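>>> Need a 3D model of the sequence below.
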Amino acid sequence: MPSRSLIKLRYILLLPSDDPNIVELPPRNEGLGKWESCLVGYFLDKKLPFNYIRNSTFNQWKNMGLKEVQANGDGFMFFIFDDMDACGRVLEEGPWYMGNQLLLLKKWKRMMRLTKEHVSQIPVWIKLFNVPMEYWDFERQSRISSKIGLPLFMDHLTSTGSTVSFARVCVEVNVDSPLPQNFFVKCEDEVVEIRVEYQGTPAKCEHCRVFGHDTKNCISNQVAQLVKMQKVTEEDKKDGWKTIKSKGKKKIGNQMKERAVKGVIPFK
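Reported below is the predicted structural model:
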């Protein structure tokens, strides 16, 4: 059972409204405390355990001013920071991944509707292997990664040349992007194969053309397939064929006629 707080409520006469189902609220002009420095986030694919999310975010954002993490029952997380500048730094340094899942973040605002949007474009970290050393600068990395999507930025190790195993770049991809596993770069007569690895790419639905669920488990796609099957069945009924149901015993002559109707034997 819930414990009772010491704060007492009181009855307030509601403001008049044209709709009896609407409660008119006056604007709140005073400060909103911790919610003014809050980020709201959710995952596209799977829900992760709350304790895992809390520990992971504190490991990454504690030095950036993270103070508190909360969650509701619909998969939304609330990250409370010291101030609004800390929220801005976290948003600027994204995208962020938890358990290889992309965490979508948005600044909290008044009267915010907590709905998971239809996402058709997402930022994705990619690893580019076998990139020639002379092409590890900003301009050439932009050109090469444009094969995958819209280049956003490199990670720190790639930009400083501190690693040579692979180039790590963040690109924005569309739900219709092919996401190749490899492609080739050519300079004059020399050709080099570039291998690509994608980090935390969420499932995508080709029917809805959004990220967040796959086509196989899409309810809208299943309904569309059922409607399509129904139309095919109705068209088959219009082509002149019909099924004759048997009722009891029949004479041989009647059976021959029925088989002729179905096109099995010529009917004379």
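
>>> in its sheet, what does the helix or strand where residue 41 lies sit against?
Assigned by DSSP states H and E, residue 41 belongs to strand 38-43. Its sheet considered, strand 38-43 pairs with strand 77-81 (antiparallel), strand 101-107 (antiparallel) by DSSP bridges.

>>> so after it, what's the next helix or strand?
Following strand 38-43 toward the C-terminus (DSSP H and E): helix 50-61.

>>> Show me what that next one packs onto, helices and strands only.
On a contact count with 3 or more CB pairs under 8 Å, 6 or more residues apart in numbering; DSSP states H and E, helix 50-61 meets strand 66-71, strand 77-81, strand 96-98. Every residue, glycine included, has its C-beta placed from N, CA and C.

>>> Would you mind writing the CA trace of stretch 141-151 as PDB?
Extracted C-alpha coordinates of stretch 141-151, given in PDB (Å, rounded to 0.1, in the frame of the first residue of the first chain):
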ATOM      1  CA  GLN A 141      36.700  10.800 -44.700                       C
ATOM      2  CA  SER A 142      33.600  12.900 -45.600                       C
ATOM      3  CA  ARG A 143      33.800  11.800 -49.200                       C
ATOM      4  CA  ILE A 144      34.200   8.100 -48.400                       C
ATOM      5  CA  SER A 145      31.500   8.000 -45.700                       C
ATOM      6  CA  SER A 146      29.000   9.800 -48.000                       C
ATOM      7  CA  LYS A 147      28.700   6.400 -49.700                       C
ATOM      8  CA  ILE A 148      26.700   5.300 -46.500                       C
ATOM      9  CA  GLY A 149      24.800   8.400 -45.600                       C
ATOM     10  CA  LEU A 150      25.100  12.000 -44.500                       C
ATOM     11  CA  PRO A 151      28.400  12.400 -42.700                       C
END
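
>>> pLDDT on that stretch, on average?
Computed over stretch 141-151, the mean pLDDT rounds to 94.

>>> Not counting it itself, show me its contacts.
Applying CB atoms under 8 Å, 6 or more residues apart in numbering, the external contacts of stretch 141-151 come out as 124, 126, 128, 131, 135, 154, 158, 167, 169-174, 177, 179-180, 183, 185, 194, 196.

>>> ok, now stretch 79-89?
So stretch 79-89 is contacted by 34-41, 57, 61, 64-70, 90, 105, 107 (CB under 8 Å, 6+ apart).

>>> Please point out which parts of that stretch sit buried.
Across stretch 79-89, burial judged by 16 or more other CB atoms under 10 Å covers 79, 80, 81, 86, 87.

>>> now swap in stretch 121-136 and tell me
Judged by neighbour count using 16+ other CB under 10 Å, the buried positions of stretch 121-136 are 122, 123, 124, 125, 126, 127, 128, 131, 135, 136.

>>> Outline the domain layout of this structure.
33-107, 121-200 (automatic domain parsing).

>>> can I get those domains in a markdown table with distance to residue 26?
Shown next, in a markdown table, are the domains of the chain (distance: least, CB to CB, whole Å):
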| stretch | distance to residue 26 |
| --- | --- |
| domain 33-107 | 18 |
| domain 121-200 | 38 |
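
>>> With respect to residue 212, which of the strands paired with strand 38-43 lies nearest?
strand 101-107 (9.7 Å; CB to CB).

>>> residues making contact with the closest one?
38-46, 48, 79, 87, 90-91, 94-97, 119, 122-124, 200, 202.

>>> Could you pick out the buried ones from the contacts of stretch 79-89?
36-41, 57, 61, 65-66, 69, 90, 105.

>>> can you tell me which two in those residues are farthest apart?
Longest distance between any two of the buried ones among the contacts of stretch 79-89 is 18.9 Å, between 36 and 57; criterion CB to CB.

>>> Would you show me how to pick out the buried ones of the contacts of stretch 141-151 in ChimeraX?
To isolate the buried ones among these in ChimeraX, judged by 16+ other CB under 10 Å, type:
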select :124,126,128,131,135,154,158,167,169,170,171,173,177,185,194,196
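
>>> Can you list the residue ranges for helices in the stretch 101-250 of the chain?
In the stretch 101-250 of the chain, the helices defined using DSSP state H, counting those that start in this stretch lie at 138-145, 156-160, 219-237.

>>> The ones you listed: lowest mean pLDDT?
Among the helices of the stretch 101-250 of the chain, helix 219-237 scores lowest, at a mean of 68.
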